[in-house]
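[1] take this sequence and fold it.
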Amino acid sequence: MSLVFAGTCSHAPGITGRSNRAASNLREGLRHSLGRMRKLLEESRPDALIVVAAEHFANFFMDNMPAYCMGMADEYEGPIEDEEWLAIKHTKIPGNPDLSRRIICDVMQKIDLAYAEEWKFDHGIMVPLHFLTPHYDLPILPVNINCQGPPLSPLHRAYEFGRTLRTACDAQPERIALIGTGGLSHWPATPDSGEINEPWDKEFLDSFIHNRREDLISYKDEEIFSDAGQGGFEIRTFLAVAGATEGSIGELLFYAPIPVYAVGCTVATMTVE
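    Residues are numbered from 1 along each chain as shown. So this is what the prediction gives:
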């Protein structure tokens with residue numbers, strides 16, 4: 001078949017772990033939008049879901065930090081964090097190693113893609129799955145883009161990775177959905193945690209929703225770090241989704257700065273043509 005759904009959302013641990021500390025209108029607005037995204041995802045009837053995330057030194061560290069990696073396991077476990085802290089129960093999530101292998105082999109024709117047969121999900125994947133696949137019955141193909149430890153893959157490569165991933169998905173007989181998770185501006189685990197650059201977020205989202213490639217790849221990491229914090233490097237997951245839906249535009253279902261969640265929370269979908 002082909003790619004049948006694409007979107008992006010935030011994955012901040014506070015969305016679940018500190019849920020009730022946000023203003024009720026923001027909390028319910030975010031949850032309602034994630035519910036809309038779940039409905040659209042379910043209506044696309046996917047056989048598998050690719051989650052492009054930026055994991056947080058849970059599986060990869062500076063002794064072994066691939067720029068791009070895809071999981072190729074029968075099943076995964078998560079969350080790696082404490083259940084009570086994240087407010088998500090530890091569970092097992094199915095994979096699809098055969099589909100992973102086929103996509104990896106196709107992507108490798110243009111992009112060097114690492115793979116892992118062991119992978120424990122942290123909040124970067126578990127928070128989105130908690131809302132989008134709450135029964136954990138949809139096979140997941142996890143993808144990590146290094147957004148943690150410089151040197152980081154250039155933004156134009158993240159966009160190209162998305163384009164290559166789309167080609168690989170379209171070559172498969174399965175119906176495949178894709179979400180990117182992360183960002184936008186935030187300063188996690190620093191004295192500035194809770195700061196959010198709302199104008200920067202909105203400017204980026206406008207370029208993302210309209211899929212303006214040249215604008216999206218024009219950001220410099222030095223500027224991202226200054227204006228959006230080290231968490232801003234996670235826009236690479238958004239660029240991968242933009243690359244996978246090149247030529248299409250999207251819809252912003254929700255955006256609001258929620259300091260208690262320490263991030264500008266985002267839910268968006270992209271048209272798949």
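[2] so what would you say the end-to-end distance of stretch 43-57 is?
    34 Å (CA to CA, to the nearest Å).
[3] residues of that stretch that come out buried?
    S44, P46, D47, A48, L49, I50, V51, V52, A53, A54, E55, H56 (16 or more other CB atoms under 10 Å). All C-beta spots, glycine's among them, are computed from the backbone N, C-alpha and C.
[4] and the gap between T245 and R163?
    9 Å (CB to CB, to the nearest Å).
[5] between the two, what contacts are shared?
    Common contacts of T245 and R163 (CB atoms under 8 Å, 6 or more residues apart in numbering): none found.
[6] look through the protein and tell me its longest helix.
    Once the chain is assigned using DSSP state H, the helix that runs over the most residues is helix 24-43.
[7] quote the end-to-end distance of stretch 59-68.
    Using CA to CA, the end-to-end distance of stretch 59-68 comes to 13 Å.
[8] need the contact list for E251.
    E251 is in contact with I209, A268, T269, T271, counting by CB under 8 Å, 6+ apart.
[9] among these, name the buried ones.
    So, by 16+ other CB under 10 Å, the buried ones in those are I209, A268, T269.
[10] okay, and the beta partners of the spatially closest residue to the last one that is not a sequence neighbour?
    Counting by CB to CB, 6 or more residues apart in numbering, the nearest residue to T269 once its immediate chain neighbours are dropped is G7, at 4.1 Å. For G7, the beta-bridge partners under DSSP bridges are I179, T269.
[11] against V241, how distant is G7?
    Using CB to CB, we find G7 at a distance of 7 Å from V241.
[12] next, show the common contact partners of the two.
    L178, I179, G180, M270.
[13] report how many residues lie close to the second one.
    Spelled out, it's I179. I179 is flanked by 26 other residues according to other CB atoms under 10 Å.
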